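J.: 3D model of this:
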Amino acid sequence: MVTEIGIDRQSLYEADYLKWIETTVEKLRSQDFSNVDWENLIEEIESMGRSERKSLKSNIIVVIMHLLKWQFQPELRSGSWEGSIVEHRRRIQDDLEDSPSLKPYLEEIFDKCYAAAVKQASAETRLPIEVFPQLCPYTSIEVLDSNFLPDGNVQEITEQN
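T.: Purely as a prediction, here's the structure:
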C-alpha cells in the first residue's frame, strides 16, 4: 500500500528534481529520516556509482582509440588527436583521484575497452578491424602515462589545465 506521503515524495521527484534534492538534503540534515524518499535516494546513489564507472570506461576507450589511430595512421597525426589524448587522460586521472576505488575497475574493464576502441578506431580510420592487434598493445599504465605515445618514441605531451 502506497501512503499519501509516498505519493508526494514520488511526485516531487518526478515533477521537480532539483526541489526533490533540496528537500531530501534538508530532511537528512534535520535528521527527519522518516520523511526521506529512501527509494529514490538509494536509486540516485546507485546511479552515481554507475555514472562514475561509465565515465571512466568512456574515457579509456577514447584514449585507446586515439593511441591506435596515432600508431596506425602516423601520416594523419594531428593536434586534435593529441589534444583528445591529453584531455581524456586528465579526465581519467581526475576520476581516479576522486574515487581511488575505481582503479581495480579500470583493470577489470581494460580488455573490453580495448575491443570497443578497436571498433571505433576502425570506423574512424576506415582500416579493417583485422589491422589492429587482437590484444591491446599498450598496458593500462601506458594508456594513462602522459608521456606515452605508441610510435616507439616517448614524447612529452604538455597537459593544459
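J.: Quick one: residues contacting the residue nearest to the spatial centre of the chain.
T.: Nearest to the geometric centre of the chain sits S55, at 1.6 Å (CA atoms, centre = their mean). Contact analysis of S55 by CB atoms under 8 Å, 6 or more residues apart in numbering lists 91, 95. All C-beta spots, glycine's among them, are computed from the backbone N, C-alpha and C.
J.: cool, L127 as well?
T.: L127 neighbours (CB under 8 Å, 6+ apart): 72-73, 121.
J.: who wins for neighbours among those?
T.: A121 (24 neighbours; other CB atoms under 10 Å).
J.: pretty sure it is touching F132, no?
T.: Yes. A121 is in contact with F132 according to CB atoms under 8 Å; the separation is 6.5 Å.
J.: shared neighbours of these two, anything?
T.: Shared contacts of A121 and F132 (CB under 8 Å, 6+ apart): 68, 72.
J.: Go through the longest helix seen in the chain and flag the buried ones.
T.: Secondary structure assigned by DSSP state H gives helix 38-72 as the longest helix of the chain. Buried positions in helix 38-72, judged by neighbour count with 16 or more other CB atoms under 10 Å: 40-41, 52-53, 55-57, 59-72.
J.: ditto for stretch 11-23
T.: Buried residues in stretch 11-23 (16+ other CB under 10 Å): 12-13, 20, 23.
J.: Output those residues in a markdown table, with distance to F110, pLDDT and secondary structure appended to each entry.
T.: Output for those, formatted as a markdown table (distance: CB to CB, whole Å; pLDDT from 0 to 100; DSSP: H, G, I helix; E, B strand; the rest coil):
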| residue | distance to F110 | pLDDT | secondary structure |
| --- | --- | --- | --- |
| L12 | 41 | 87 | helix |
| Y13 | 36 | 87 | helix |
| W20 | 37 | 92 | helix |
| T23 | 41 | 94 | helix |
